[in-house]
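Colleague: What follows is a predicted protein model with its sequence.
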Amino acid sequence: MANEEEHALVADGETHIEFALMANNENKVFDNSLCSKECRKNTESLTNKIDELKNDLYEANIYRHSYKLRVDQLERRLAEYKEREVKYIETIRSLERDKEYNLKKINKLTSEVETLQEEKDVLDGKLARLLKSSIIKNYFYTVSKLFRIINNWFNILIYLLLLGNVRFKMLCCSFGIAFSCFFSTPLLCL
């Protein structure tokens, strides 16, 4: 038992030394005569691992920082795209309203054009009838005027014939008008 107690005391002493070595944060080479070669190797190995882990942690922090920057950049882009999307949706709705309004206006104008075309066709028909009747009217007007002139000539001729003016009878024949008898219709002289 005494041997066990001495061993426990030695173990406690070595434990304090190992804790003291582990508590040292600086990367100094220990020149402690109480440490064995194996302890120094372990300490150097642990120090190397700590350095590697520090380097890995530094690189991981750099990667994490760059990823965080990229994520922030992507979030900003996403926010911009969402704002643009809202603007585009509003623009699309506005254009759809304009399109709907323009289609209604086009339909209205198309129906007005059709109505005007029908009215034009009706007016063209009326104009054609009017022109036709106008031509006929002008013809009848001209013919009636001609008949009035001829009637006036005949009245003058009858009056002169009643007076017995032969010269006038000859004058009438020179114009191509002759009388078969006193009150008869005029004949054309050939």
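Modeller: Here it is on my side, so go on. Note that this is a predicted model, so its numbers are computed, not measured. Numbering: from 1, shown residues only.
Colleague: how many neighbours does C39 have?
Modeller: 16 (other Cβ atoms under 10 Å). No exception for glycine: its C-beta is placed from N, CA and C like everyone else's.
Colleague: What strand or helix carries it?
Modeller: helix 37-163 (DSSP states H and E).
Colleague: tell me the mean pLDDT over that helix?
Modeller: For helix 37-163, mean pLDDT is 87.
Colleague: what's that helix packed up against?
Modeller: Of the remaining helices and strands, those touching helix 37-163 by 3 or more Cβ pairs under 8 Å, 6 or more residues apart in numbering; DSSP states H and E are helix 2-23, helix 166-174, strand 177-179, strand 186-188.
Colleague: From L103, how far out is V113?
Modeller: 15 Å (Cβ to Cβ, to the nearest Å).
Colleague: make that L130, sorry
Modeller: 39 Å.
Colleague: buried sites along stretch 40-54?
Modeller: 43, 47 (16 or more other Cβ atoms under 10 Å).
Colleague: can you count the residues close to W153?
Modeller: Neighbours of W153 (other Cβ under 10 Å): 14.
Colleague: so what's K41 up against?
Modeller: Neighbouring residues of K41 by Cβ atoms under 8 Å, 6 or more residues apart in numbering: there are none.
Colleague: Distance check, it against D51.
Modeller: Distance from K41 to D51, by Cβ to Cβ: 15 Å.
Colleague: again with I92
Modeller: 60 Å.
Colleague: One more: K82?
Modeller: 46 Å.
Colleague: How about E118?
Modeller: 98 Å.
Colleague: Then Y63?
Modeller: From Y63 to D51 the distance is 19 Å (Cβ to Cβ).
Colleague: One more: A60?
Modeller: Taken as Cβ to Cβ, the span from A60 to D51 is 15 Å.
Colleague: cool, V113 as well?
Modeller: Applying Cβ to Cβ to V113 and D51 gives a distance of 89 Å.
Colleague: what's the answer for N138, then?
Modeller: Applying Cβ to Cβ to N138 and D51 gives a distance of 122 Å.
Colleague: now do T115
Modeller: Applying Cβ to Cβ, the value for T115 to D51 is 94 Å.
Colleague: Tell me how many other residues crowd D72.
Modeller: Per other Cβ under 10 Å, the neighbour tally for D72 reads 10.
Colleague: where's N42 relative to L53, distance?
Modeller: 16 Å.
Colleague: now S111
Modeller: S111 is 84 Å from L53, by Cβ to Cβ.
Colleague: again with S134
Modeller: In terms of Cβ to Cβ, S134 sits 114 Å off from L53.
Colleague: And for E114?
Modeller: Separation of E114 from L53 (Cβ to Cβ): 87 Å.
Colleague: Please apply the same query to T91.
Modeller: Counting by Cβ to Cβ - T91 and L53 are separated by 55 Å.
Colleague: what do you get for R70?
Modeller: Taking Cβ to Cβ as the measure, R70 falls 25 Å from L53.
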